[in-house]
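Asks: Following is a predicted model, sequence given first.
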2 protein chains.
Amino acid sequence: MNEILPNISIDNAIFGFANGELKILLIKRDKQPELDRWSLPGGYVYYNENMDDASRRLLHELTGISNLFLSRVDVFGDTDRYPDRRVISVLYCALVKPEQFELLAGAHAKKVKWFEVKGIKKLPFDHNNMIDTALSWLRDEIWRKPVLINLLPEKFPLNQMHDLFQAFLHETIDNRNFRKKVISQELVERLNEKTTGGKQRPAYLYRLKRK
Amino acid sequence: MNEILPNISIDNAIFGFANGELKILLIKRDKQPELDRWSLPGGYVYYNENMDDASRRLLHELTGISNLFLSRVDVFGDTDRYPDRRVISVLYCALVKPEQFELLAGAHAKKVKWFEVKGIKKLPFDHNNMIDTALSWLRDEIWRKPVLINLLPEKFPLNQMHDLFQAFLHETIDNRNFRKKVISQELVERLNEKTTGGKQRPAYLYRLKRK
DNA sequence: CCAAAAGTGTTCAGCATACACCCATGC
DNA sequence: GCATGGGTGTATGCTGAACACTTTTGG
């Protein structure tokens, strides 16, 4: 049977990051409640579907985005968080390059669009709270888990990763200490390849470990 | 309406600790599936009931225990974790004195009993995994949250807390460093009272901060 | 040989650990 | 006055932060 579970939902907080700007992906709802309002892309879980799979499927259905590294963040279970009936929601998040995906409003989404995170207005349900929670989770886990994996190519020089960290965390990080830290914590591993075609000294390429 | 949500459950991992022995509270199930097997006390959430309230109510109904400091640990959502139908479960845990409570097998529990954690056999569902998860969560959070609150009286001398930490973590902890740590991290606050009636020097009493 | 980015090592400070003695009371 | 548990301060090592110069390539 492929029914949905009526009391369990998934919400996805997908952050887009480019040129130091942090955006959040919202869809315009095509159904009640909160018809026509912008909200996080989410929905219900199928009976035979794991949470992780549901998160992935819903994101693809609603926005056209697929093949992401998504992380489970938390569960939101207040009795009044959803007006129509009791629904608890599991929150997932990811960090991506906005220009990398062609957005396609799918089933139950009239539109899909990136919004700047600062300046976000009140969203339906507890979605503002979810965005805050996901963002602080990301800033916290960035040193432990490969949450930047969607923002980097498979192989990259360490300085590219360094630039990303600094931009995302809004702070300058000493380059030597950065290298020592990500290597000693085994966030990355060095490959036996170097960049070519650059106009300067070639750099070793690294790869994120999925852990 | 006071129906249950059929696809969301709560499980409680209640650890009993006394004389250096760690026990886990199990009930003997009085219904299918897994009739007559020992498992964690858990059950379903009511439509209008918050997760925290549900955890508390179920624990009381099944075992007679009430008025505990319970913490949410994690969510278990695999499609095959429960045989009859799809159920995701939210895990709560607590640490108590086993002798403090009179165990009363209530609705849906034929018996309630403490079992030594080491030597626990295979339990139904993913309950072994839940016990492991809860235990490492506790050992991790013990320095940050008042998880020992159910094991201590409201006011206690620091050495009593020190003994508890050592026993629970199976390690000796320097007394001076212990005092410095729990005070600087604001886990406890000192009262203007001292023990009386002891046969030695009176000790200052402390209280856990709920944070 | 010059420009541009890559790569590397050492010093310093702050925090957690190790450790031993004096104190207050009851008997 | 002595036995019992209560209470405190200092020296040390380690980890994380600050900091500047040399290396390699392309043009």
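Replies: All right, it came through fine. Numbering: from 1, shown residues only, chains lettered A, B, ... in the order given.
Asks: ok and the residue in chain A nearest DNA strand D?
Replies: With distances taken as Cβ to the nearest atom of the strand, chain A approaches DNA strand D most closely at A:Arg201, which sits 2.8 Å away. (Each C-beta comes from the backbone N, C-alpha and C, glycine too.)
Asks: give me the element that residue is part of.
Replies: Under the assignment given by DSSP states H and E, A:Arg201 is not contained in any helix or strand.
Asks: how many neighbours does it have?
Replies: Residue neighbour count, defined by other Cβ atoms under 10 Å in any protein chain shown, stands at 7 for A:Arg201.
Asks: hmm, the helix or strand where A:Asp163 lies in reach of DNA strand D?
Replies: Secondary structure assignment for A:Asp163, by DSSP H and E: helix A:158-169. No. Taking Cβ under 7 Å from any atom of the strand as the criterion, helix A:158-169 and DNA strand D are apart, separated by no less than 11.6 Å.
Asks: and that helix, what's its mean pLDDT?
Replies: Helix A:158-169 shows a mean pLDDT of 95 in the predicted model.
Asks: And stretch A:49-64, by the same measure?
Replies: What stretch A:49-64 shows for mean pLDDT is 96.
Asks: Which single strand of chain A contains the most residues?
Replies: Longest among the strand segments of chain A by residue count, using DSSP state E, is strand A:4-18.
Asks: residues touching A:Val182, list them.
Replies: In this structure, A:Val182 makes contact with A:143, A:158, A:161, A:188, judged by Cβ atoms under 8 Å, 6 or more residues apart in numbering or on different chains.
Asks: ok, the residues you listed vs DNA strand C, which is closest?
Replies: For those, the closest approach to DNA strand C (Cβ to the nearest atom of the strand) belongs to A:Leu158, at 5.0 Å.
Asks: quick one: low-confidence parts of chain A?
Replies: Low-confidence regions of chain A, defined by pLDDT under 70, span residues A:1.
Asks: and A:Val117, how many neighbours does it have?
Replies: For A:Val117, the number of neighbouring residues by other Cβ under 10 Å comes to 17.
Asks: gap between it and A:Leu123?
Replies: From A:Val117 over to A:Leu123 the distance is 12 Å, taken as Cβ to Cβ, to the nearest Å.
Asks: which residues are common contacts for the two?
Replies: Common neighbours of A:Val117 and A:Leu123, using Cβ under 8 Å, 6+ apart, are A:Ile131.
Asks: Could you pull up phi and psi at the residue nearest the centre of chain A?
Replies: Centroid check for chain A by Cα atoms, centre = their mean gives A:Ala94 as the closest residue, at 1.3 Å. Comment: the main-chain dihedrals of A:Ala94 come out as phi -160, psi 160, following degrees, to the nearest 10.
Asks: Now for it: which residues touch it?
Replies: For A:Ala94, the set of contacting residues under the criterion of Cβ under 8 Å, 6+ apart consists of A:12-15, A:68-71, A:147, A:150.
Asks: what bridges to it?
Replies: A:Ile14 (DSSP bridges).
Asks: Identify each buried residue in the longest helix seen in chain A, please.
Replies: Ranked by residue count under DSSP state H, the longest helix found in chain A is helix A:127-141. Within helix A:127-141, the residues scored as buried using 16 or more other Cβ atoms under 10 Å in any protein chain shown are A:127, A:130-131, A:133-135, A:137-138.
Asks: And stretch A:171-182, by the same measure?
Replies: For stretch A:171-182, the neighbour count (16+ other Cβ under 10 Å) marks A:178-179, A:182 as buried.
Asks: could you pull out the helices for chain A?
Replies: For chain A, the helices identified by DSSP H occupy A:51-63, A:127-141, A:158-169, A:175-184, in order along the chain.
Asks: what angle separates the last one from helix A:158-169?
Replies: For helix A:175-184 against helix A:158-169, the angle between stretch directions is 100 degrees (axes from the mean of the first three to the mean of the last three Cα atoms, to 10 degrees).
Asks: Helix A:175-184 near DNA strand D at all?
Replies: Yes. Using Cβ under 7 Å from any atom of the strand, helix A:175-184 reaches DNA strand D at A:175-177, A:181.
Asks: could you dump those to a markdown table with distance to B:Ile27?
Replies: Putting the residues of helix A:175-184 next to DNA strand D into a markdown table (distance: Cβ to Cβ, whole Å) gives the following:
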| residue | distance to B:Ile27 |
| --- | --- |
| A:Asn175 | 57 |
| A:Arg176 | 57 |
| A:Asn177 | 52 |
| A:Lys181 | 47 |
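Asks: ok, so of those, who is nearest A:Tyr47?
Replies: The shortest approach to A:Tyr47 among the residues of helix A:175-184 next to DNA strand D belongs to A:Lys181, at 43.8 Å (Cβ to Cβ).
Asks: How about the contacts made by that closest one?
Replies: Here A:Lys181 is in contact with A:Trp143 (criterion: Cβ under 8 Å, 6+ apart).
Asks: what's the spacing between it and A:Asn175?
Replies: 11 Å.
Asks: go on, A:Phe17?
Replies: When distance is defined by Cβ to Cβ, A:Phe17 is 20 Å away from A:Asn175.
Asks: One more: A:Gln32?
Replies: Computed with Cβ to Cβ, the distance linking A:Gln32 and A:Asn175 is 52 Å.
Asks: again with A:Lys145
Replies: When distances are taken as Cβ to Cβ, A:Lys145 and A:Asn175 turn out to be 22 Å apart.
Asks: and what of A:Arg190?
Replies: Relative to A:Asn175, and taking Cβ to Cβ, A:Arg190 is found at 16 Å.
Asks: Please apply the same query to A:Ser89.
Replies: If you go by Cβ to Cβ, the gap between A:Ser89 and A:Asn175 works out to 40 Å.
Asks: now do A:Arg29
Replies: 45 Å.
Asks: cool, A:Leu208 as well?
Replies: A:Leu208 sits 18 Å away from A:Asn175 when distances are taken as Cβ to Cβ.
Asks: can you check A:Phe15 too?
Replies: From A:Phe15 over to A:Asn175 the distance is 25 Å, taken as Cβ to Cβ.
Asks: returning to that earlier point: contacts for the helix holding A:Asp163 next, please.
Replies: With Cβ under 8 Å, 6+ apart as the test, helix A:158-169 has contacts from A:17, A:20, A:22, A:95, A:139, A:142, A:148, A:151-152, A:172-173, A:175, A:178-179, A:182, A:188, A:203-204, A:206.
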